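A structural model of the following input is requested.
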Amino acid sequence: MKPEEIVREWFEEVWNKGDERAIDRLFAEDGVAHGLFDASGNEIVGPAGFKPLVQIMRGALHDLSVTVEDVIVAEDRAAARFIVRAVHCGDTLGFPATGRSVEFTGMTFIRVKDGKIAEGWNNVDFAAMHEQLTK
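Now for the predicted structure:
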């Protein structure tokens, strides 16, 4: 699969559909998600490290929809700009559900090796999400 296909499938299958099997299929066992952290504050590594993040986010944000706005590809890399829309109906973000709609943006740059994401550099506007849910 080409980098653009991988990044688009990642957002559709992992985030929009919540298919954790897609994480195993698309994210290398030693893959690193730079800019995303586990509960201990370490960068996320591999499918086993990434799944809890998906569970937390999808547990809190119902009707989650990620729209990929742009993808740019160069050799083994792809850059994607996206918009996240959801309703905060779960308590897994560390504060009670608000029932509010939320919209925030993000960008990711991935490097593909052997048909899987080997590295991802992520910049997600979690501050905008938090502000919308706690103001």
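
can you give me the helices for the chain?
Along the chain, the stretches classed as helices by DSSP state H are 3-9, 20-26, 46-60, 126-134.

select, out of those, the one closest to residue 97.
helix 46-60 (7.2 Å; CB to CB). The way it works is simple: take the backbone N, C-alpha and C, and place the C-beta from them, glycine included.

excluding sequence neighbours, find me the nearest residue to the most centrally placed residue in the chain.
Most central residue of the chain, judged by C-alpha distance to the mean C-alpha position with CA atoms, centre = their mean, is residue 15 at 6.4 Å. In space, residue 15 comes closest to residue 66 once its chain neighbours are excluded; the distance is 4.5 Å by CB to CB, 6 or more residues apart in numbering.

so how far is residue 40 from that neighbour?
Using CB to CB, to the nearest Å, we find residue 66 at a distance of 26 Å from residue 40.

compare those two (neighbour count), which wins?
Here residue 66 and residue 40 are set side by side on neighbour count (other CB atoms under 10 Å), and the busier one is residue 66, at 17 against 5.

tell me the pLDDT at that one?
With respect to pLDDT, residue 66 scores 98.

next, the contact list for it, please.
With contacts defined as CB atoms under 8 Å, 6 or more residues apart in numbering, the neighbours of residue 66 are 11, 15-16, 82-84.

many thanks, have a good one.
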